[in-house]
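In: no FASTA, just this:
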């Protein structure tokens, strides 16, 4: 063991918000440069100069982060959205430079921030395997040596020479993951890639990752799926507002995170400047509520639960459709629901503040923690104005009263939903 | 550099070939040729991908690479040769014009493709690391197949018009190499600018559209020099087109060397500054794109 394979020291990354100098035009840039010259000229001549425009706001996505990872460790990174998880992975993957501090990587590193990076729909499965493999850092010789294995893992046999645009989404994902799974780096950096594909395939991926971990590879793994983290990782690092909040055994860190209330809660309110959205619409508040209007973290499985979103429409004349995406603890999308309130169907919303609530009936969701993504979209033409992942979360509790689909059974009950069905038994013969 | 680091040099020396240090890069960033060499396979694959995609997506496929230069030549021969009565220095106007279209079309296509290449590769840039220089460079290279097809057409044209093959033809690869560098120099600048300034995508087609008339594609470069003096050579394509005519049509078309070297000096300056600008902007691509 001895030396760490990853050393992170005092790492920081600063982003500029608001008036970013990013997407402007050369024309604007020249105009700004001229205006600045003009200001300087006026100042020199003692004239009352126009005030300089306010500088862009800065945000530290990561600050003073330090940790070491020993060879063979499998480390999970947790934290709510905006905690700096993705920024950390981007720096470790060399996609972006740190603003301060440094990282030392003592081994061949591969990063998997997405499956199928560089896949081109016009190219065949075979062509994409070579291209994607090279993009992920494999040499042609390595890809050739593992080609048959990759094809077998992906299970796409007869479609190998078909352009991937004709693949089903399942085939596409399997092929993409198959290439990634056959990377053999010493350090593997993985982001949320397991949030794709069906449950069976996710399990296959988890198993494959576990295999990788066992063969002594070092893995840094970011996920919202706490149970995957505790299952796969010995150690977890909890990031909060860009800093390391806690670093230790995965189970301990995960439970501290869950109990901290810092994880996604039942209510979120955004201050004016930081609200998710664009120039069309902005979120103000999202909460989980009961019928009596109170905000609730835990819901009785028999009670209806409302997801209430307040938002501000800034640009009129767009048909805005709020929609909610419900995910369970395994990261499975339980369902998606669109606002079909007839009062606003196909009807543009004038500027102003709105509140849209969707009611999930009682005796429908399964027990456990549900996370809700809140989006507001326009469909003709398709535009997503807001998509806030993990906006709110709540826990559904089955209280063993015997009045639910559980009946009198008290054990662990699998299933994504738990509707109370109408049962009927007739006596046919006695 | 970070003096006084807590590392133990004796040990880190053993693993230095494997150790990567990621820290903020400030100021100008030089090209890491060793790294480019390590990624050479990806470079070829990206160029190969660009070619495959272009031919698979185009309805006419390779036919386009044949038709485009031939039709352009036909129009130029009629407009400049017949209607305007421009001199072709005694050579058949079609061959005279085609010799200029070879570098011009390669340059124009390479510039269009490469200036757009980074923005088109946004998905790669935000998800995986490899030297970003590979993107515009492989985009420039992917035009080479079209160029080879045009060379085939040129040989047919020369045979058809009875233009003698001379030893000068052997110089063509040199002029092609220089055209490649000129396209790369412009491609580096425009691709990096395009990430930050979204109006660059309107500037490049404009340059390409005007460039074919500003460069001596439909007339002798001597006309341009007559009009502007040696400064005409500041457009590197002037010297390159002369070079191609010289290697194809023979001794009577020797370039005006001061103008030629002036153009090459412009390319050298653009190439070195473009590489530095690209490398310096590179660290922010993923944040800005």
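Out: Thanks, I have it. Every value quoted in this text rests on a predicted model; they were computed, and no experiment measured them.

In: Around chain A, pick out the residues from the stretch 1-150 of chain B.
Out: By the rule C-beta under 8 Å from any C-beta of the partner chain, the part of the stretch 1-150 of chain B lying against chain A is B:2, B:11, B:15, B:18-25, B:41-42, B:45, B:49, B:52-53, B:56-57, B:123-130. C-beta: built from backbone N, CA, C; applies to glycine.

In: Derive a ChimeraX selection command for the buried subset of these.
Out: Only the buried entries of the residues of the stretch 1-150 of chain B next to chain A go into this ChimeraX selection, using 16 or more other C-beta atoms under 10 Å in any protein chain shown:
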select /B:19,22,23,41,42,45,49,52,53,124,125,126,127,128,129,130
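
In: Among the residues of the stretch 1-150 of chain B next to chain A, name the ones in helices.
Out: Among those, the ones falling in helices (DSSP state H) are B:11, B:15, B:41-42, B:45, B:49, B:52-53, B:56-57, B:123-125.

In: Now the two most distant members of these.
Out: Using C-beta to C-beta, the two most remote members of those are B:11 and B:57, lying 52.7 Å apart.

In: tell me the contacts of residue A:146?
Out: residue A:182 (C-beta atoms under 8 Å, 6 or more residues apart in numbering or on different chains).

In: What helix or strand is it located in?
Out: If you go by DSSP states H and E, residue A:146 is part of helix A:140-154.

In: How far away from the center of its chain is that helix?
Out: Once both centres are worked out by C-alpha atoms, centre = their mean, to the nearest Å, helix A:140-154 turns out to sit 30 Å from its chain's centre.

In: right, and the helix or strand after that helix?
Out: Reading on from helix A:140-154 to the C-terminus, the next helix or strand found by DSSP H and E is helix A:169-181.

In: What is that next one packed up against?
Out: Judged by 3 or more C-beta pairs under 8 Å, 6 or more residues apart in numbering or on different chains; DSSP states H and E, the packing partners of helix A:169-181 are helix A:125-135, helix A:140-154, helix A:199-214.

In: just the helices in the stretch 101-250 of chain B please.
Out: For the stretch 101-250 of chain B, the helices defined by DSSP state H, counting those that start in this stretch cover B:122-125, B:134-141, B:144-161, B:172-196, B:200-214, B:221-228, B:236-249.

In: Run through the neighbouring helices and strands of the last one.
Out: Pointing back at helix B:236-249 there. helix B:93-120, helix B:172-196, helix B:221-228, helix B:257-288.

In: Specify the local secondary structure of residue A:341.
Out: coil (DSSP: H, G, I helix; E, B strand; the rest coil).

In: what's the closest non-adjacent residue to it?
Out: Nearest-residue entry for residue A:341: residue A:356, 7.4 Å, with adjacent residues in sequence omitted and distances by C-beta to C-beta, 6 or more residues apart in numbering or on different chains.

In: Could you tell me the least trusted of the helices and strands packed on helix A:169-181?
Out: Here the lowest mean pLDDT among the helices and strands packed on helix A:169-181 goes to helix A:199-214, at a mean of 65.

In: before we move on, back to that, buried set for the helix holding residue A:146?
Out: For helix A:140-154, burial by neighbour count (16+ other C-beta under 10 Å) applies to A:143, A:146-147, A:150-151, A:153-154.

In: now do stretch A:2-17
Out: Neighbour-count burial for stretch A:2-17 flags A:4-9, A:11-13, A:15 (criterion: 16+ other C-beta under 10 Å).

In: go on, stretch B:229-243?
Out: By 16+ other C-beta under 10 Å, the buried positions in stretch B:229-243 come out as B:232-233, B:235-243.

In: Let me know the closest of those to chain A.
Out: Chain A lies nearest to residue B:235 out of the buried residues of stretch B:229-243, by C-beta to the nearest C-beta, at 21.5 Å.

In: what does the model give that closest one for pLDDT?
Out: Note on residue B:235: pLDDT of 95.

In: If you drop the residues flanking it in sequence, what lies closest to residue A:326?
Out: If the residues on either side of it in the chain are set aside, residue A:326 comes closest to residue A:334, at 4.4 Å by C-beta to C-beta, 6+ apart.

In: Count the neighbours of the closest residue to residue B:186 other than its chain neighbours for me.
Out: Spatially, and ignoring its direct neighbours in sequence, residue B:186 is nearest to residue B:111 (5.2 Å; C-beta to C-beta, 6+ apart). Neighbour count of residue B:111, defined by other C-beta atoms under 10 Å in any protein chain shown: 28.

In: Closest to the centroid, which residue in chain B?
Out: residue B:183 (2.1 Å; C-alpha atoms, centre = their mean).

In: surely it meets residue B:110?
Out: Yes - the pair residue B:183 and residue B:110 passes the contact test of C-beta atoms under 8 Å, sitting 3.7 Å apart.
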